[in-house]
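Student: mind looking at a prediction? Sequence and model below.
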Amino acid sequence: MVENIRLAFQGIWSHKMRSFLTMLGIIIGIAAIIAIVSTIKGTNEQIEKNLIGSGNNEVKVQLFQGDNSYEIEYNGIPDGVPVIQAATLKQVQDIANVRSAALYRTRQVYDGVYYLNNALSGGIMMGIGEEYFDSCSYRIVSGRGFTGSDYTNYRKVAVVDTDAAKSLFQGEDALGKTIEISGEPFVVIGEVEESMKFEPVINSMEDYETYQTDSSGKVFITEAAWPIVYRYDEPQNLVLQTEDTASMTTAGKAAAEILNQNLNVEDTTIKYKAEDLLEQARDIQNLSSSTNMMLIWIAGISLIVGGIGVMNIMLVSVTERTQEIGLKKAIGARKNRILAQFLTEAAVLTSMGGVIGVVVGIVLAEVISRLSDTPVAISVPSVIAAVAFSMVIGIVFGMLPSYKAANLNPIDALRHE
């Protein structure tokens, strides 16, 4: 085998230009496939990041009516939806791969939060449980978060995120300021920000408008103080953080099933559902991948063309080396030895084309990324598969010339001019 490989390289080197032109079809095909696969992989990762975020693995379990989240502001508090008890929350926290879980209530506010003459227009009010900041990966920028005594003593204290602090306080220090929430005074005790804040890629006005919906920021109060502002024991939502992204779907569904066991509603369309962002990402990825698979098949045609070129040049090589083959057979070389020699030469030729094609494909993917601002991610398995596939092409398309060489009559071969 080593001798066959040496002879293959010797033959390729002695006809450098011819060998390169023969490899060109393989190089183009492999390069195109590597570039397309890298673009698909990069796009899929970007889709997942845009929907899920920067690795915080959060799953929201919310009350739905049919396919839409339940709007308490318009529909009122539904009968038969109890407040989630500590024992139920403990069940959720015990689900496999769940790192933490917390309860929260939320409302969009347009004119209910003020500091002097500044309103938090378009912001979000949150009534949160004790584990919320940990579950959602928030960190304290200044001041403090909520303590147990804030909950037990129903203190009217608030925490704002950095966006809300900018909107309300216009550059002033937020700590110690008193804000008005639905006519009730709350003292700001802390400022927070997401420790893994994710900025999605914005490619259109629609994306911009979607991202801008909560840009005014959030104001947090304790869930104990929530009834002070809204006067009612509203149903809660749940947020949980999983150990890894792959566990988000199963953990979210399990949590929704636990919460739904306590419902006693006449309207059976009202139930808790997990916000399955991972599934949404996969649906979009599958649509994108199925479209791009057509491009891969088209690029594969050039590999077939390259394979035919290899077969053609190997037939020429057999013709040129007929006397050499006859001499080897005359001194005792068997058919399988001749067959292996030419198959090895074909496989080495296409493998070299595959390696060069991989390099060109990686460079091409980076060029596409720079020119079109399209994310790319090099797939190591696809690189290995591409080189292996190019070798297979050499063996398949080199079979006919190798078989022809192996079956030459040694006397006729020696007489050949």
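Tutor: In hand now; what should we look at?
Student: for the rest of this, base every contact and every neighbour count on C-alpha atoms.
Tutor: OK.
Student: run the chain-centre distance for stretch 100-109.
Tutor: Chain-centre distance of stretch 100-109: 26 Å, with Cα atoms, centre = their mean, to the nearest Å.
Student: list of residues touching that stretch?
Tutor: Applying Cα atoms under 8 Å, 6 or more residues apart in numbering, the contact partners of stretch 100-109 are 89, 92-93, 120-132, 134-135, 223, 234-242.
Student: what are the bridge partners for the closest residue to E131 other than its chain neighbours, then?
Tutor: Leaving aside its chain neighbours, E131 sits nearest to A102 (5.1 Å; criterion: Cα to Cα, 6 or more residues apart in numbering). Here A102 sits in beta bridges with V239, going by DSSP bridges.
Student: state the distance from A102 to I30.
Tutor: Separation of A102 from I30 (Cα to Cα, to the nearest Å) stands at 50 Å.
Student: and R99, by the same measure?
Tutor: 43 Å.
Student: unless I'm mixing things up, I356 is touching I27, no?
Tutor: Yes - if you go by Cα atoms under 8 Å, I356 and I27 touch, sitting 6.2 Å apart.
Student: tell me which of those two has more neighbours.
Tutor: For I356 versus I27, neighbours defined as other Cα atoms under 10 Å are more numerous around I27 (28 against 19).
Student: spell out which helix or strand contains the more buried one, please.
Tutor: Here I27 sits within helix 16-52, counting by DSSP states H and E.
Student: now that helix: how far from the chain's centre is it?
Tutor: Distance of helix 16-52 from its chain centroid, counting by Cα atoms, centre = their mean, is 18 Å.
Student: by contact count, what packs against the helix or strand just after that helix?
Tutor: Per DSSP H and E, the first helix or strand lying C-terminal to helix 16-52 is strand 58-65. In terms of contacts (3 or more Cα pairs under 8 Å, 6 or more residues apart in numbering; DSSP states H and E), strand 58-65 is packed against strand 237-242, helix 248-260, strand 270-274.
Student: partner strands of strand 58-65, with direction?
Tutor: Partner strands and pairing direction for strand 58-65 (DSSP bridges) are strand 68-69 (antiparallel), strand 237-242 (antiparallel), strand 270-274 (antiparallel).
Student: ok, and what's touching it?
Tutor: Contacts of strand 58-65 (Cα under 8 Å, 6+ apart): 52, 69-70, 135-136, 235-242, 248, 252, 255-256, 269-277.
Student: for that strand, list the C-alpha coordinates in PDB.
Tutor: Listed next in PDB are the C-alpha coordinates belonging to strand 58-65 (Å, rounded to 0.1, in the frame of the first residue of the first chain):
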ATOM      1  CA  GLU A  58     -34.500  30.300  30.300                       C
ATOM      2  CA  VAL A  59     -38.000  28.800  29.800                       C
ATOM      3  CA  LYS A  60     -41.100  30.800  30.500                       C
ATOM      4  CA  VAL A  61     -44.300  28.900  31.500                       C
ATOM      5  CA  GLN A  62     -47.300  31.200  31.100                       C
ATOM      6  CA  LEU A  63     -51.100  31.000  31.300                       C
ATOM      7  CA  PHE A  64     -52.600  30.700  27.800                       C
ATOM      8  CA  GLN A  65     -56.100  30.800  26.400                       C
END
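Student: average pLDDT across that strand?
Tutor: Strand 58-65 shows a mean pLDDT of 86.
Student: helix 248-260 and that one, what's the angle between them?
Tutor: Counting by axes from the mean of the first three to the mean of the last three Cα atoms, to 10 degrees, strand 58-65 lies at 40 degrees to helix 248-260.
Student: ok, back up a step: columns mean pLDDT on top of the helices and strands packed on strand 58-65, output as CSV?
Tutor: Formatted as CSV, the helices and strands packed on strand 58-65 follow (pLDDT from 0 to 100):
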stretch, mean pLDDT
strand 237-242, 88
helix 248-260, 87
strand 270-274, 87
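Student: which one of the ones you listed lies nearest to F146?
Tutor: For F146, the closest of the helices and strands packed on strand 58-65 is strand 237-242, at 17.4 Å, according to Cα to Cα.
Student: quick check: buried residues in that closest one?
Tutor: Using 16 or more other Cα atoms under 10 Å as the test for burial, strand 237-242 gives N237, L238, V239, L240, Q241, T242.
Student: and the helix or strand hosting D150, what does it pack against?
Tutor: Secondary structure assignment for D150, by DSSP H and E: helix 148-152. Of the remaining helices and strands, none touches helix 148-152 by 3+ Cα pairs under 8 Å, 6+ apart.
Student: in its sheet, what does the helix or strand following it sit against?
Tutor: Helices and strands here follow DSSP H and E; after helix 148-152, the next one along the chain is strand 157-161. Next to strand 157-161 in the sheet, as set by DSSP bridges, lie strand 184-194 (parallel), strand 218-222 (antiparallel).
Student: what lies in contact with the last one?
Tutor: Among residues not part of strand 218-222, those counted as contacts by Cα under 8 Å, 6+ apart are 123-130, 146, 150-151, 154, 156-161, 163-164.
Student: run through the neighbouring helices and strands of whatever helix or strand E366 lives in.
Tutor: Per DSSP H and E: E366 is located in helix 335-372. For helix 335-372, the packing partners by 3+ Cα pairs under 8 Å, 6+ apart come out as helix 2-14, helix 16-52, helix 277-320, helix 380-397, helix 399-406.
Student: 6 Å instead, please
Tutor: Applying 3 or more Cα pairs under 6 Å, 6 or more residues apart in numbering; DSSP states H and E, one finds that helix 335-372 makes contact with helix 16-52, helix 380-397, helix 399-406.
Student: want to throw these into TSV with distance to A347 and mean pLDDT?
Tutor: Shown next, in TSV, are the helices and strands packed on helix 335-372 (distance: least, Cα to Cα, whole Å; pLDDT from 0 to 100):
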stretch	distance to A347	mean pLDDT
helix 16-52	11	75
helix 380-397	4	79
helix 399-406	10	71
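Student: distance to Y110 for those helices - can I get that in JSON lines?
Tutor: Output for the helices and strands packed on helix 335-372, formatted as JSON lines (distance: least, Cα to Cα, whole Å):
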{"stretch": "helix 16-52", "distance to Y110": "26"}
{"stretch": "helix 380-397", "distance to Y110": "50"}
{"stretch": "helix 399-406", "distance to Y110": "74"}
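Student: nearest to L303 among the ones you listed would be which one?
Tutor: Going by Cα to Cα, the one of those nearest L303 is helix 16-52, 5.1 Å.
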